[in-house]
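Chemist: Take a look and give me a structure for this.
(6 chains)
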Protein chains: 6
Amino acid sequence: MELSGRNQLAATVKTVKLGNIMAEVVMELSGGQEMVAAITRASAENLALKPGDRVTAIVKATEVMVGK
Amino acid sequence: MELSGRNQLAATVKTVKLGNIMAEVVMELSGGQEMVAAITRASAENLALKPGDRVTAIVKATEVMVGK
Amino acid sequence: MELSGRNQLAATVKTVKLGNIMAEVVMELSGGQEMVAAITRASAENLALKPGDRVTAIVKATEVMVGK
Amino acid sequence: MELSGRNQLAATVKTVKLGNIMAEVVMELSGGQEMVAAITRASAENLALKPGDRVTAIVKATEVMVGK
Amino acid sequence: MELSGRNQLAATVKTVKLGNIMAEVVMELSGGQEMVAAITRASAENLALKPGDRVTAIVKATEVMVGK
Amino acid sequence: MELSGRNQLAATVKTVKLGNIMAEVVMELSGGQEMVAAITRASAENLALKPGDRVTAIVKATEVMVGK
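Modeler: Numbering: from 1, shown residues only, chains lettered A, B, ... in the order given. Down below sits the predicted model:
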């Protein structure tokens, strides 16, 4: 499946922290910058996310703000 | 002003395309990956965005999906 | 690639309308309800979306409101 | 009140799980597909959401990605 | 229908600008601050939005960033 | 840094509630209306948010729905 989401950034999982409902996934982009996702705990468990996993951080273009 | 937005990625504007209501801003992250923002045309004009601008791409953690 | 996005709904494209920057994709879910996506025109073109396409409508759980 | 949100899907609540800050609401769309919302715990309590409730899952068109 | 969306702000429409796909709705909150919504053109037309309309600006809590 | 986000509302923090992963920040807009943000706990801690803080509630125009 190919996605309409314009931003699909190669990343590596650094840490996964599970709460009751949500989970925080800290990733490192291939260029070294850090990216954080707040997803449901169930999603993090479904994907069995763990440090070192090669993943893709996906963001819709409509969700991106620009600061200058 | 410091932002709660967890993802603040250094980027350079590559292209800005203006529509009637929306604008598409293509950026290159410092690591070389591309990032696209769909913002309002008025915002693009307020910031006077143009190719070569050093900007920050800002994304809330709750807007990031993870693919594995 | 498996996605963390909790909502991945099977759908069929009914119409695709292209603007300068954005595109509107009207889909019919397998259960008959309608779903509309506003994505960038470039995304609609990259996916070559057209009526009759079998697609997946993807929504993060954090984007869903509930009315009662 | 009528909403600008294009996607208003009839659904039935299957489960409600409360965390400290957030809550996860699993719904079944009228066509049988499942939809999950991550809302604040306070919202879930304000609406007194419980299994069996007939609800509407509401999503802005700009939040929907398309996969093909 | 009562909504889970935590932020439901009383507002008055100041201007509505229609594009091909999207529309920009500028509102004034009851406290005098301005709020802008980018919704689909079809939504703006369905609601027949026009200057002077008393409306509600609705935002999910997960969509709000905080700057300090 | 100036932001593309169209909605930047002056507000005062009323309460901050911390969960494991997420935090809920209740603010009062200058006009007296209430606004709630669900941000990551780490963000709330980074900003050291506490009652009485003068802050800015930031929302992208694409995240705002209109009810009439």
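Chemist: The helix or strand where residue A:43 lies near chain D anywhere?
Modeler: Per DSSP states H and E, residue A:43 falls inside helix A:41-46. Yes - with CB under 8 Å from any CB of the partner chain as the criterion, chain D is reached by helix A:41-46 at residue A:42. C-betas here are computed from N, CA, C, even on glycine.
Chemist: How about that helix, which residues are buried there?
Modeler: A:41, A:42, A:43, A:44 (16 or more other CB atoms under 10 Å in any protein chain shown).
Chemist: what subset of the residues you listed is also close to chain B?
Modeler: A:43, A:44.
Chemist: and the buried residues of helix A:41-46 as TSV, adding pLDDT?
Modeler: Shown next, in TSV, are those (pLDDT from 0 to 100):
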residue	pLDDT
A:41	98
A:42	97
A:43	97
A:44	97
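Chemist: The longest strand seen in chain A pairs with which strands, and in what direction?
Modeler: Identified as the longest strand of chain A according to DSSP state E is strand A:7-18. Sheet pairing here is set by DSSP bridges, and for strand A:7-18 it gives strand A:22-29 (antiparallel), strand A:54-59 (antiparallel).
Chemist: what's the next secondary structure element after the shortest one?
Modeler: Next helix or strand after strand A:54-59 toward the C-terminus (DSSP H and E): strand A:65-67.
Chemist: hmm, that following strand in reach of chain F?
Modeler: Yes - applying CB under 8 Å from any CB, one finds strand A:65-67 in contact with chain F at A:65, A:66, A:67.
Chemist: Show me what that strand is packed up against.
Modeler: strand B:34-40, strand B:54-59 (3 or more CB pairs under 8 Å, 6 or more residues apart in numbering or on different chains; DSSP states H and E).
Chemist: on that earlier part again, what comes into contact with the longest strand of chain A?
Modeler: Outside strand A:7-18, the residues that touch it by CB atoms under 8 Å, 6 or more residues apart in numbering or on different chains are A:23-30, A:34-35, A:41, A:44-45, A:49-61, A:64, B:29, B:33-36, B:67, F:20-21.
Chemist: for stretch A:20-28, same thing?
Modeler: Stretch A:20-28 is contacted from outside by A:11-17, A:34-41, A:43-45, A:49, A:55, A:57, B:61, B:66, D:17-24, D:38, F:19-22, F:40, F:42, using CB under 8 Å, 6+ apart.
Chemist: what's the answer for stretch A:61-68, then?
Modeler: Residues contacting stretch A:61-68 (CB under 8 Å, 6+ apart): A:5-7, B:5, B:8, B:24-25, B:27, B:35-39, B:43-44, B:47, B:49, B:53-60, B:63, C:38-40, C:43, D:62-63, F:1-5, F:58, F:60, F:62.
Chemist: Show me what counts as buried in it.
Modeler: Under the neighbour-count criterion of 16+ other CB under 10 Å, stretch A:61-68 has A:61, A:62, A:63, A:64, A:65, A:66, A:67 buried.
Chemist: can you list those residues in JSON lines and add pLDDT?
Modeler: JSON lines is the format used below for the buried residues of stretch A:61-68 (pLDDT from 0 to 100):
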{"residue": "A:61", "pLDDT": "97"}
{"residue": "A:62", "pLDDT": "97"}
{"residue": "A:63", "pLDDT": "97"}
{"residue": "A:64", "pLDDT": "97"}
{"residue": "A:65", "pLDDT": "97"}
{"residue": "A:66", "pLDDT": "97"}
{"residue": "A:67", "pLDDT": "97"}
